[in-house]
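K.L.:
quick one, structure for this:
(2 chains)
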Number of protein chains: 2
Amino acid sequence: MTSSNAAESAALLMTGNRNALSRAITLIESSLPEHQETAHDILDRCLGDRTATLRIGITGSPGAGKSTLIESLGIELLKDPANRLAVLTIDPSSERSGGSILGDKARMEKLAGRKDVFIRPSPSSGHLGGTSPRTHEAILLCEAAGYNVVIVETVGVGQSEISIESMVDYVLLLLLPGSGDELQGIKRGIMEIADGIAVSKIDGVPEKSVQFSKAACESALNLLPKKHPVWSPHVILTSSVTGQGIDMVWDNIQEFAHTLRANNIFEENRRKQLHRLFCAQVEMQLRQTFYNHPEIRSSFAEIAAGVEKMNMSPFTGAKKLVEQVIRYPR
Amino acid sequence: MTSSNAAESAALLMTGNRNALSRAITLIESSLPEHQETAHDILDRCLGDRTATLRIGITGSPGAGKSTLIESLGIELLKDPANRLAVLTIDPSSERSGGSILGDKARMEKLAGRKDVFIRPSPSSGHLGGTSPRTHEAILLCEAAGYNVVIVETVGVGQSEISIESMVDYVLLLLLPGSGDELQGIKRGIMEIADGIAVSKIDGVPEKSVQFSKAACESALNLLPKKHPVWSPHVILTSSVTGQGIDMVWDNIQEFAHTLRANNIFEENRRKQLHRLFCAQVEMQLRQTFYNHPEIRSSFAEIAAGVEKMNMSPFTGAKKLVEQVIRYPR
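P.N.:
Residues are numbered from 1 along each chain as shown, chains lettered A, B, ... in the order given. The predicted structure follows:
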């Protein structure tokens, strides 16, 4: 694809064309260098101030009801005709731990048919929990296409939460009601990054258990350091079956955005996130450019063999290799 | 230090001079580039085939009795006058989680006075559990100085076990006797890399608890994949107070080495470990050389600001930066 094609694609994407958006995300996901190049040529043309948008991360163990909550929350927020919603979900085929066999569009059928909704499996590329720098770029593309609310679904299984935190404004943690023991299994790290907690699927659960879970969450939150000095996470009881609490979740997210904007934290947070993405990209491209360099490709095996034969230390071998392509000016 | 000084230091180190060994490890630990350079100049001169040596990693939670076991094991193996022992311990001052306030030499007083023993806090440099590529290099230096058995102590607290596995031949996991519940707290990963398990400090513990622990360990081991196809880890009951089991631990380590050597796995494992150290060094030096490059230092902030102002995507900014110093031949 030539540069003028990238310009066309970017222009089309910015009119809100769904196919153009889909194709651009596919290019972002591709591991082919020429696709990456085109994708970022498009992205460069779509950049702009998007601080009026909202990026929401939804995390929780498999079975916590993330898909149904996203569906209910989506319907709630689309009551305002000014809103357009993009949902980046975990690709069920590429993630062992998460997602339905039926596929995301089938899971969220009430959203899938709507013109103001764009649903797309998130480019996971092997990253834990499904988020990666590519997901962050997909968010930017969705916003360029006019989606002012972007929901990213991720499985809270470990390192992934840190990743989701680095690309969304608000992190919602879903927990199933229970005896409070469930908090034992939830890592401290995931509670620390939550801006709100939804105790989900409360329909049919005894009121006592539900209240116990809420109290347990609230006392756990009290023990943790604050993520943002101006915000205390709420615990909201929800049911996607009865609809209970869904409006409160949306209200909470809006209140969060309002509070952080009023304190200039929202924009500052976005700036920091972009900086982190930049640093991650520098690392990635440094490694990629280095290991694909013709000189490195032709000498790596020989130097590695010399190290393994004890002809030189690993340090010296590494130095020899790196100095082949990065030289300081004299 | 000039290159001829490095030659002298290396020659002195190889006569078994403890001060020369200490100084070389100090240079390895240093973050100053010129120290690193000298250290690796020395290391390059000391390399050679050391497959006759034995590298033992000892891991376990704080309080599991690692220091006392190392002391007892050291005395046991030094009954053979052909053995010389180096112990790389976690530096108590630099590790939050492990080590005694008294310092390592005070902890291992029965070993500290001996001429055939070298004790040294392991260069941890902030790595979890205290092991790092630098620890691996310290092992190589100890061997060059004639220590044919090297024990590395590490705290089994998380990611660190993976690191210890990459630089020793045999990993001994220490567990305290109990109800079997203690295995719950032990991560699967740490059991997977163990070549032997010592249920430690069994003196004064009811025989029933001790046997229960042993059985629990054995059944846990049975559920795990084998680390080496030719070796099944043993569970050995030990007490550094009564001396029980210490000889069995040493016998087990020797049997392990014999079995793996007979199957050509020992040398192959060493070769793989060296390759991994080389790859880690390449990554480290690539990053270090890149970020310290004068052109990168002078333009990083400007490009980062451009990205944060949305003048270009993080990808494009990163590309611009990397291409300043790594260029492919035309």
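K.L.:
any idea which element A:Ile42 lies in?
P.N.:
Using DSSP states H and E, A:Ile42 sits in helix A:33-46.
K.L.:
what's that helix in contact with?
P.N.:
When contacts are defined by CB atoms under 8 Å, 6 or more residues apart in numbering or on different chains, helix A:33-46 is touched by residues A:1, A:3, A:5-7, A:9-11, A:13-14, A:24, A:27-28, A:30, A:137, A:140-141, A:144, B:312-313, B:315-316, B:319. Quick note: C-beta positions are derived from backbone N, CA and C, even for glycine.
K.L.:
what subset of the residues you listed is buried?
P.N.:
Taking 16 or more other CB atoms under 10 Å in any protein chain shown as the criterion, what is buried in the contacts of helix A:33-46 is A:1, A:6, A:9-10, A:13-14, A:24, A:27-28, A:30, A:137, A:140-141, A:144, B:312-313, B:315-316, B:319.
K.L.:
neighbours of A:Ser22, how many?
P.N.:
If you count neighbours by other CB atoms under 10 Å in any protein chain shown, A:Ser22 ends up with 15.
K.L.:
sorry, that was for A:Asp49
P.N.:
Residues lying near A:Asp49 (other CB under 10 Å) number 10.
K.L.:
so what's it closest to, chain neighbours aside?
P.N.:
Leaving out its chain neighbours, the residue that sits closest to A:Asp49 by CB to CB, 6 or more residues apart in numbering or on different chains is B:Met310, at 6.6 Å.
K.L.:
right, and the one you found touches A:Leu140 too?
P.N.:
No. With contact defined as CB atoms under 8 Å, B:Met310 does not reach A:Leu140; the gap is 9.3 Å.
K.L.:
now do the shared contacts for these two.
P.N.:
Common contact partners of B:Met310 and A:Leu140 (CB under 8 Å, 6+ apart): A:Leu47.
K.L.:
how about the residues of the stretch 101-250 of chain A by chain B?
P.N.:
Taking CB under 8 Å from any CB of the partner chain as the contact definition, the stretch 101-250 of chain A meets chain B at A:133, A:137, A:140.
K.L.:
can you pull the pLDDT of A:Met1?
P.N.:
On the pLDDT scale, A:Met1 is placed at 51.
K.L.:
ugh, wrong one, I meant A:Glu37
P.N.:
pLDDT recorded at A:Glu37 is 88.
K.L.:
next one: A:Ser4
P.N.:
For A:Ser4, the model assigns a pLDDT of 72.
K.L.:
where's it relative to chain B, distance?
P.N.:
A:Ser4 sits 17 Å away from chain B, going by CB to the nearest CB, to the nearest Å.
K.L.:
from the buried ones among the contacts of helix A:33-46, which land in helices?
P.N.:
If you go by DSSP state H, the buried ones among the contacts of helix A:33-46 have A:6, A:9-10, A:13-14, A:24, A:27-28, A:137, A:140-141, A:144, B:315-316, B:319 in helices.
K.L.:
please name the residues that touch A:Val199.
P.N.:
Going by CB under 8 Å, 6+ apart, A:Val199 touches A:175-177, A:210, A:213-214, A:217, A:235-238.
K.L.:
that one bridge partners, please.
P.N.:
For A:Val199, the beta-bridge partners under DSSP bridges are A:Leu175, A:Leu237.
K.L.:
gap between it and A:Lys214?
P.N.:
Distance, A:Val199 to A:Lys214, using CB to CB, to the nearest Å: 6 Å.
K.L.:
cool, and A:Leu78?
P.N.:
Distance of A:Leu78 to A:Lys214, computed by CB to CB: 28 Å.
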